[in-house]
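1. Here's a sequence, model it:
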Amino acid sequence: MQDSSMRYYVIVADGNRYGPADEAQLRAWVNQGRIFENTLLQEENGTAKFPAGTVLGFFDASTPPPQSVAPTYYRANNEPPLETTPTIIKAVLVMCFCCQPLGIVALVFSILAATAASSNRTQAANNLKTADTIANWAIGIGLTIGFLYALFVGLAVIGGGR
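-> Below you'll find the model as predicted:
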């Protein structure tokens, strides 16, 4: 790395891109065992990918052995992770208490969103939105049916008392 202001993305095994990180941050990650010689890097404004081991000075005899630390990466563009758990919980509650068929469909879309969250963020966000919409409709249908049931039972009690 000739230019110390150069920043790089780290491409991990699942294809996700994290960063950008400057040389100091990359060196820290190398020392912590988060980046290896075969970990792919990509210049912030470039398209070519290359192994971190090809960058001068990152992996030499003076590099201390990596510590055993779980990797912590930062998503490209600082996107926050998708929160799928609340939608899964909502879908399960809908399935149990409101409208089982729509609850099952909402649960399926929630699980699809959770599994796609690490590989295809756009698809995961669409699945999450669909799950939430279906769950909201199911809550509305369940409340409407409950209200109508209470209304008819109330009318039957009032009418049966005459």
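2. ok, now which ones touch residue 88?
-> 107, 110-111, 114 (CB atoms under 8 Å, 6 or more residues apart in numbering). Where C-beta positions appear, they are placed from N, C-alpha and C, glycine not excepted.
3. Tell me the pLDDT of it.
-> What the model reports as pLDDT for residue 88 is 88.
4. Which residue ranges of this protein form helices?
-> 23-32, 85-97, 100-116, 121-160 (DSSP state H).
5. Quick check: which of the ones you listed is buried the most?
-> helix 100-116 (a mean of 19; mean count of other CB atoms under 10 Å).
6. any idea of the mean pLDDT for that one?
-> Rounded to a whole number, the mean pLDDT of helix 100-116 is 89.
7. Which secondary structure elements does that helix sit against?
-> helix 85-97, helix 121-160 (3 or more CB pairs under 8 Å, 6 or more residues apart in numbering; DSSP states H and E).
8. what's the angle between the longest one and helix 100-116?
-> What that stands for is helix 121-160. 160 degrees (axes from the mean of the first three to the mean of the last three CA atoms, to 10 degrees).
9. Equivalent analysis for the shortest one, please.
-> With the same axes, to 10 degrees as the basis, helix 85-97 and helix 100-116 are set at 160 degrees to each other.
10. quick one on the thing from earlier: could you dump the helices and strands packed on helix 100-116 into TSV with distance to residue 32 added?
-> Shown next, in TSV, are those (distance: least, CB to CB, whole Å):
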stretch	distance to residue 32
helix 85-97	28
helix 121-160	26
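11. Which one of the helices of the chain lies nearest to residue 12?
-> Among those, helix 23-32 comes nearest to residue 12, with 11.3 Å by CB to CB.
12. Which other helices and strands does the closest one contact?
-> Using 3+ CB pairs under 8 Å, 6+ apart, the elements in contact with helix 23-32 are strand 7-11.
13. So which bits of the strand it packs on are buried?
-> For strand 7-11, the buried set under the neighbour-count rule, 16 or more other CB atoms under 10 Å, comprises 8-11.
14. for those, which one is nearest residue 99?
-> The closest of those, once distances to residue 99 are taken by CB to CB, is residue 11, at 43.4 Å.
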